[in-house]
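**Student:** Build the 3D model from these lines:
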Amino acid sequence: MCLPCFQDQLARIRPTAYERAAITRHRQITVIICHRKEEDMAIGVVIKRVMKPGDNAKVLLPHIIELRALAVRQPGYISGETFFSLDHPEECLVIGRWTSIEHWQQWKRDIRRIELDGNLEKHLGVKTEYSVYGIGLW
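**Tutor:** Residues are numbered from 1 along each chain as shown. Predicted coordinates:
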């Protein structure tokens, strides 16, 4: 998105004095994220799970749906997407968006999440990989 388009979108939002709006463009979908504090930054968490060789990652879908059903009720949760590799059917990628790293860490330590994740790990051939990325224009 060019700067004039960004400024036009920002003018339409009219954030309050303590909110700052960041507008990003991803696959022609505009996402608006408001931050309450200057130091807060929306984040994306990339979770990669790999099944045992020969297994299809779609077996994980009921477990992922259950995890997401709990996640949507957590403070700071924005959204989540699940991808299954077409080249490697044993691989699954989940991208979760959170308003801050603190909210994500709180959810990662949640006892219900740990229990459900433990059930999911039984199907995996490799330990789950987590990567955290900042979302924004800075």
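**Student:** so where's this structure uncertain?
**Tutor:** Per-residue confidence for the chain (pLDDT under 70) gives these ranges: 1-40, 137-138.
**Student:** Tell me which residues of the host helix or strand of Thr82 come out buried.
**Tutor:** Taking DSSP states H and E as the criterion, Thr82 maps to strand 77-84. Across strand 77-84, burial judged by 16 or more other C-beta atoms under 10 Å covers Tyr77, Ile78, Gly80, Thr82. C-beta coordinates here come from the backbone N, C-alpha and C atoms, glycine included.
**Student:** neighbouring contacts of it?
**Tutor:** The contact list for strand 77-84 (C-beta atoms under 8 Å, 6 or more residues apart in numbering) reads 33, 42, 57-58, 61, 64, 68, 71, 91-99, 103, 107.
**Student:** So which of these belong to helices?
**Tutor:** By the criterion of DSSP state H, membership of the contacts of strand 77-84 in helices covers Leu61, Ile64, Arg68, Ala71, His103, Trp107.
**Student:** Which residue, neighbours along the chain excluded, lies closest to the last one?
**Tutor:** Same thing as Trp107. Residue nearest to Trp107 in three dimensions, not counting chain neighbours: Gln74, with 4.8 Å by C-beta to C-beta, 6 or more residues apart in numbering.
**Student:** burial measure for the one you found, as a count.
**Tutor:** Neighbourhood size, Gln74 [other C-beta atoms under 10 Å]: 14.
**Student:** what does Gln105 give?
**Tutor:** With other C-beta under 10 Å as criterion, Gln105 counts 15.
**Student:** ok, and it, which helix or strand is that part of?
**Tutor:** helix 101-108.
**Student:** Lovely, talk soon.
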